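Undergrad: The following comprises the amino acid sequence and a computationally predicted model.
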Amino acid sequence: MKEITKTISRAKGQLEDFYDGWSDKSVDDIEHDIASSIRKAKTLSDAFDRKSQKDNLELNKILDFGCGFGQFIVSFSNFNKNTRMFYGCDYSKESIEYAQSNFEDSDHHFFLCRVWIWT
């Protein structure tokens, strides 16, 4: 948990600047969102591990629609060492640019995506 918190906290000042551009979230709200994302990533990773062991499945890739600036993917990948590739997409250009510049590497990829719904 310390490793993940350190990874996310490393960019805390940048996140404050990032949010300041389009959101009225306070620093406390941002920290709450990050902590919540880390807890959710741990819970989901544990669930995937149990399901994989029970059903003898491999979880090779994760796709996160609405990944924001990538905090969930980074947290999940730190908990789940069996998954090899992580993809995130979001409609926010600023979020994707932030994720790409801070977290993208050979295992983590972030894309701008647009979704249209016709009714």
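TA: On my side now, so go ahead. Residues are numbered from 1 along each chain as shown.

Undergrad: Apart from its chain neighbours, what residue comes closest to V115?
TA: With Cβ to Cβ, 6 or more residues apart in numbering as the measure, Y91 is the residue that lies nearest to V115, at 6.9 Å, once sequence neighbours are left out. To be clear about C-beta, it is placed using only N, CA and C from the backbone, and glycine gets the same treatment.

Undergrad: For the one you found, which residues are in contact?
TA: In this structure, Y91 makes contact with G66, L112, C113, R114, V115, judged by Cβ atoms under 8 Å, 6 or more residues apart in numbering.

Undergrad: quick one: it from H32, how far?
TA: Distance of Y91 to H32, given as Cβ to Cβ, to the nearest Å: 23 Å.

Undergrad: and what of L59?
TA: Shown here: L59 relative to H32, a distance of 28 Å by Cβ to Cβ.

Undergrad: and if you look at H109?
TA: When Cβ to Cβ is applied, the distance between H109 and H32 equals 27 Å.

Undergrad: more crowded one of the two?
TA: Between H109 and H32, H109 has the larger neighbour count (other Cβ atoms under 10 Å), namely 17 against 12.

Undergrad: Pull out the CA atoms of the helix or strand that one falls within and give them to me as PDB.
TA: H109 is part of strand 108-112, with elements assigned from DSSP states H and E. Below are the C-alpha coordinates for strand 108-112, written out as PDB (Å, rounded to 0.1, in the frame of the first residue of the first chain):
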ATOM      1  CA  HIS A 108       0.300   1.000 -19.300                       C
ATOM      2  CA  HIS A 109      -1.300   2.700 -22.300                       C
ATOM      3  CA  PHE A 110      -3.700   5.500 -22.400                       C
ATOM      4  CA  PHE A 111      -5.900   6.700 -25.300                       C
ATOM      5  CA  LEU A 112      -8.300   9.500 -25.900                       C
END
